[in-house]
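S.K.: the sequence and its predicted three-dimensional model are supplied below.
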Amino acid sequence: MIKRVDFNDEFVASVMNILNEVPVRQGGPFRDYGKDFDTVKSEHATYLDRSDFIGAYIGQELIGYIKLVFAGRFMRTMQILSMIKYRSKAPTNALMAEAVKICSERRIPFLVYGKYNYGKAGSLTLRDFKTQNGFEHILLPRYYVPLTFLGRLVLFCRLHHGFSGILPKKMIRLLLAARKMWYARNLKERNGKFIGETLTRGT
């Protein structure tokens, strides 16, 4: 079941169950894993005057959610996450479909889902998810103007995109695969099963 939900302590507690399902997602540490209640609440409490929260439920259990923020002709996804154990039920796709429906109801022409291309180190599964749900890549110009000698040096060395910007794509993919294998072998879920089970299934 997909429905709009109020932002309250009960909802935040349910969100924490999703965030704390596994410590690893997409082959690396999940940065929201293990955060305390107050931190999760404050991080989700931004722009409440122009936000909607949509939840995906099985019975009374929240298995996925999305936060939508409205800004004129645009609606932006700020949070979207679902439980891995319910991935076969495609809650994330259902949440995205509801977001499109809300855009239509409010006559909002653009639904924005952050980055489309995450570069050489980015997640291909996330980009594929966006493509399969009808998102298109729109290029926006970005200019880098150095203000200091250090800034000029960074631009000269092409480090303004991080170290991944100068490393070959094959090397980055090899390093990411090695990181994924390391976490699969060394980290365990709370129930004792290897995290490797989740790494092959995406978010």
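M.R.: Perfect, I can see it now.

S.K.: contacts, neighbours, all on C-alpha from now
M.R.: Fine.

S.K.: residue contacts, F74?
M.R.: I108, P109, F110, L111, V112 (C-alpha atoms under 8 Å, 6 or more residues apart in numbering).

S.K.: and with 6 Å instead?
M.R.: F110, L111 (C-alpha atoms under 6 Å, 6 or more residues apart in numbering).

S.K.: if I look at it, how far off is M16?
M.R.: 28 Å (C-alpha to C-alpha, to the nearest Å).

S.K.: could you do F135 as well?
M.R.: In terms of C-alpha to C-alpha, F135 sits 28 Å off from M16.

S.K.: between those two, which is the more surrounded one?
M.R.: Neighbours were counted for F135 and for M16 using other C-alpha atoms under 10 Å; M16 has more, 18 against 15.

S.K.: pull the contacting residues for that one.
M.R.: M16 neighbours (C-alpha under 6 Å, 6+ apart): none.

S.K.: what does the pLDDT read for R190?
M.R.: We have a pLDDT of 43 for R190.

S.K.: change the start of the numbering to 510 and stick with it
M.R.: Got it, the first residue is 510 from now on, which makes the last one we talked about R699.

S.K.: lowest average confidence, helix or strand, in the protein?
M.R.: The weakest-scoring helix or strand in the chain, judged by mean pLDDT, DSSP states H and E, is helix 705-708 (a mean of 42).

S.K.: residue ranges with poor pLDDT in the chain?
M.R.: 536, 625-633, 693, 695-712 (pLDDT under 70).

S.K.: at the geometric centre of it, which residue do we find?
M.R.: Closest residue to the average C-alpha location of the chain: I589 at 6.0 Å, with C-alpha atoms, centre = their mean.

S.K.: tell me the SS of the closest residue to that one other than its chain neighbours?
M.R.: The spatial neighbour of I589 that comes closest, neighbours along the chain excluded (C-alpha to C-alpha, 6 or more residues apart in numbering), is I575 at 4.2 Å. The local conformation at I575, judged by DSSP: H, G, I helix; E, B strand; the rest coil, is strand.
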